[in-house]
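> structure for the following, please:
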Amino acid sequence: MKYMMMLYSEEEVDTISPETFASWLEFQREAAKHAKRASADALKPAATATVVSVRSGKTIVTDGPFSDTKEQLAGYNVFDCESLDVAIKVASMIPWATKGRIEVRPVVDFGEAPG
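Presented below is the predicted three-dimensional model:
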């Protein structure tokens with residue numbers, strides 16, 4: 001089953017130093033021993049966000065993040081894992097886990113039969 005691991009942190013967290021980059025490379029090597037990564041991306045700061053909603057047929061566009069909190073969604077990983085326990089193990093290896101929080105959620109497979 002695929003699990004999305006959403007990375008939340010305060011925006012001041014270092015994302016580009018050589019040390020941080022090295023820790024991500026090590027994470028990728030270790031995680032590959034437990035699960036197959038399907039995709040991953042980092043996000044630009046929340047200030048670059050645009051929020052879109054439709055109310056009464058009208059599109060409403062707002063600059064900035066959806067929520068006004070200290071922690072922001074900073075990126076994600078999707079791994080194909082044998083179980084939630086494996087997904088939790090992989091999430092605990094993400095370098096961000098020591099600075100922020102990792103939310104782990106199963107991904108819906110629309111190819112599965114309903115029920």
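
> going by C-alpha atoms from here, please, whenever you check contacts or count neighbours.
Fine.

> following element in sequence after the longest helix along the chain, please.
In the chain, assigned by DSSP state H, the helix with the most residues is helix 18-31. As assigned by DSSP states H and E, the chain's next helix or strand after helix 18-31 is strand 36-42.

> can you map out the strands along the protein?
2-10, 36-42, 50-55, 58-63, 71-80, 101-106 (DSSP state E).

> list the buried residues of the fourth one.
Judged by neighbour count using 16 or more other Cα atoms under 10 Å, strand 58-63 contains no buried positions.

> related to what we said a few turns ago, hey, C-alpha coordinates of the longest helix of the chain in CSV?
What follows is helix 18-31, C-alpha atoms only, in CSV (Å, rounded to 0.1, in the frame of the first residue of the first chain):
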residue,chain,number,x,y,z
PRO,A,18,25.3,20.6,2.5
GLU,A,19,24.7,18.8,5.9
THR,A,20,21.0,18.8,5.3
PHE,A,21,21.4,17.5,1.8
ALA,A,22,23.7,14.7,3.0
SER,A,23,21.1,13.7,5.6
TRP,A,24,18.5,13.4,2.9
LEU,A,25,20.7,11.2,0.8
GLU,A,26,21.4,8.9,3.7
PHE,A,27,17.7,8.8,4.4
GLN,A,28,17.0,7.7,0.8
ARG,A,29,19.6,4.9,1.1
GLU,A,30,18.2,3.6,4.4
ALA,A,31,14.5,4.0,3.4
